[in-house]
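Colleague: show me how the following folds:
(one chain, ligands or ions: 2)
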Amino acid sequence: MELIINNAQDQKQLGECIGKAITDTTIILLDGELGAGKTTLTQGIGRGLDIEETINSPTFTIAKQYEGSRELNHLDVYRLEGLDEDMGIEDYVYDGSVLIIEWSKFIDTDIFDEYLHIQIDYLDEARKIKFTPYGTYYEELLEKVSKCII
Ligand SMILES: Nc1ncnc2c1ncn2[C@@H]1O[C@H](COP(=O)(O)OP(=O)(O)O)[C@@H](O)[C@H]1O
Ligand SMILES: [Mg+2]
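Modeller: Numbers count the residues shown, from 1 in each chain. Ligands and ions are numbered 1, 2, ... in the order given. Got it, this is the predicted structure:
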């Protein structure tokens, strides 16, 4: 599934749809250049999960945790590029939790069996969002998201 999103507000709205569609333990891997809108999308997902705390880019902290209708772990692994460091990312996946990783191309994604991959690319001022679901749960999640945004 591919979408064109024209501004940050709609990007958050899309995220909110994703957050609201979550019904189980969820892994979302985000890629796209600096400023593509990965954190903005995550803020929307947080809104869909009823997280009241402001979600910021965890670039320097690498991991941040938020409490909403589910626990959200938000990772930005940009600074792990080229490091062969085992930061125990699997530990962020547990019963009912939501894990979102910005810059997932810098980690070995084979550690996850199933996940939703989202690639965000610049399209002049807008963004092209490409969703790739790995697993039935994520296919169903995307179906709900596509109904939410029309
Ligand atoms: N779909 C979009 N269209 C236009 N601008 C966007 C979109 N999504 C986010 N932005 C803007 O892009 C900038 C960078 O967003 P951010 O989410 O911090 O990017 P990233 O986390 O990928 O580095 C912000 O100013 C945000 O408002
Ligand atoms: Mg970011």
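Colleague: now the strands for the protein?
Modeller: For the chain, applying DSSP state E gives strands covering 2-5, 26-31, 63-67, 71-76, 98-102, 115-123, 126-134.
Colleague: out of these, which is the most enclosed?
Modeller: strand 98-102 (a mean of 26; mean count of other Cβ atoms under 10 Å). Every C-beta, even on glycine, is put in place using the N, C-alpha and C of the backbone.
Colleague: run through the neighbouring helices and strands of it.
Modeller: strand 26-31, helix 38-48, strand 71-76 (3 or more Cβ pairs under 8 Å, 6 or more residues apart in numbering; DSSP states H and E).
Colleague: hmm, try it at 6 Å
Modeller: strand 26-31, strand 71-76 (3 or more Cβ pairs under 6 Å, 6 or more residues apart in numbering; DSSP states H and E).
Colleague: dump the ones you listed to a markdown table, plus distance to residue 95 and mean pLDDT.
Modeller: Formatted as a markdown table, the helices and strands packed on strand 98-102 follow (distance: least, Cβ to Cβ, whole Å; pLDDT from 0 to 100):
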| stretch | distance to residue 95 | mean pLDDT |
| --- | --- | --- |
| strand 26-31 | 12 | 98 |
| strand 71-76 | 10 | 96 |
